[in-house]
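*Asks:* Next comes the sequence, and after it the predicted model I'd like to discuss.
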Amino acid sequence: LVQQKIISLPKMNQQQQRLAKTHARSRRYSNQHRRYFSIQQHQPLPLPPWLLGPDGRRPRRLSPGVVGLHEELLLFNQWVAPTPAEAAIRCRVVDRLRALVLRLWPDARLEVFGSSRTGLYLPTSDIDLVLFGRWEALPLRALERALREEGCATDVQVLDRATVPIVKLRDSLTGLSVDVSFNMPNGVRAAELIASFQARFPCLAPLVMLLKLFLLQRDLNQVWTGGISSYALTLLAVSFLQLHDRRRELTLAPAHQLNLGTLLLEFLELYGRNFNYLTTAIRLSHGGAYVPKEEVQLDGAIHSARPSVLCIEDPLTPGNDIGRSSYGALQVKQAFEFAYLQLHRAVLSSTSQPGMFHSPLSSIVSAGPDLLRYREWAAGPADAL
């Protein structure tokens, strides 16, 4: 008999545990999408909701090749865009919190920023708020107590040691997550900057919405889970469009007149296979550029124990690295490479089998049960809200 040695492994800290969970979830989604290709020639696939026809049953047929991917991206964005009911629900959440805040501090001001302000949000995305007021010390605990006493929120957490202290909560009626920061004008300014980029590049929103769902389904949409922030993702897309060979065309043509399928594949190929994360930083000011990391990481972070992998210069605060805290950015790179290979394969498959139903996007994203449940609930009676 061979006697096996038992080796006791050290316990993982919280960051390692989060990373392990992220790896597991990413592998699960990858396996699901690989199975898509193994079964698509042998049995019917469930239709993604964005490909359902007007009758809700018969599928919309896509053109073969990358044109079909473009058509599906347009349909996906029509489907994923928040409905008027979903937008109204988010407004009611903000209104309830604003009423609470004004009872506590009548001279305070509560503003929406982030994707909720720019419109680049998924139906279940967090709501980012910033509270402006005059206090000797940030009233994190006072807001926490008021939220608990009022009963309008659950899972209230105070992150007072974060780089930007916030109060996190979940709205008790809708289940939507809310982050409240204090006296941070750059949040509002960043939303205005993204809105200006959206006006300049009409194709920005369709790309970002798909990429946000892709990262969400792999737990790579939050910095603290090893991913990148929504703001960083949007800036990656902006830089890609700024430096594109056809950037003039991209600023003039509406999204439906461009080939979004080609742009998506090019984005994934750039950040999944070609971009040099080791030495290169991304700059968006003055039309965009790639620069050495040393020009952005002015405080010696490039030589620190854990240097920044993804380096994006803050267009509002030169010298500030947006990607510094994204310790798992290489996981995002790997996910982008996976998506590029899967989509490339799906496009080739649709070209070689033009008569069959195909959904290239189903190889990398799905509607997801949480999103579908929320949308079904949001479409119901609004009296409870």
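*Replies:* Good, I have the coordinates.

*Asks:* And the strands in the stretch 51-200 of the chain, which stretches?
*Replies:* In the stretch 51-200 of the chain, the strands defined using DSSP state E, counting those that start in this stretch lie at 109-113, 127-132, 153-159, 166-171, 177-182.

*Asks:* Point out the most buried one among these.
*Replies:* strand 127-132 (a mean of 23; mean count of other C-beta atoms under 10 Å). Placement of C-beta: from N, CA and C, glycine included.

*Asks:* Give me the below-cutoff pLDDT ranges for the stretch 51-200 of the chain.
*Replies:* Scanning the stretch 51-200 of the chain for pLDDT under 70 picks out 55-57.

*Asks:* For the stretch 201-350 of the chain, give me the ranges with low pLDDT.
*Replies:* For the stretch 201-350 of the chain, the stretches flagged by pLDDT under 70 are 298-307.

*Asks:* What segments of it are strands?
*Replies:* For the stretch 201-350 of the chain, the strands defined by DSSP E, counting those that start in this stretch cover 280-283, 289-292.

*Asks:* Quick check: which helices or strands does the first one pack against?
*Replies:* Spelled out, that is strand 280-283. helix 230-242, strand 289-292 (3 or more C-beta pairs under 8 Å, 6 or more residues apart in numbering; DSSP states H and E).

*Asks:* Next one: the closest residue to A339 other than its chain neighbours from Y340, what distance?
*Replies:* Among residues not flanking A339 along the chain, I364 sits closest, at 4.6 Å (C-beta to C-beta, 6 or more residues apart in numbering). Separation of I364 from Y340 (C-beta to C-beta, to the nearest Å): 9 Å.

*Asks:* circling back to that earlier point, using JSON lines, please lay out the strands of the stretch 51-200 of the chain together with distance to V101.
*Replies:* Output for those, formatted as JSON lines (distance: least, C-beta to C-beta, whole Å):
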{"stretch": "strand 109-113", "distance to V101": "5"}
{"stretch": "strand 127-132", "distance to V101": "6"}
{"stretch": "strand 153-159", "distance to V101": "12"}
{"stretch": "strand 166-171", "distance to V101": "11"}
{"stretch": "strand 177-182", "distance to V101": "9"}
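
*Asks:* In JSON lines, list the strands of the stretch 201-350 of the chain along with distance to E71.
*Replies:* Shown next, in JSON lines, are those (distance: least, C-beta to C-beta, whole Å):
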{"stretch": "strand 280-283", "distance to E71": "30"}
{"stretch": "strand 289-292", "distance to E71": "32"}
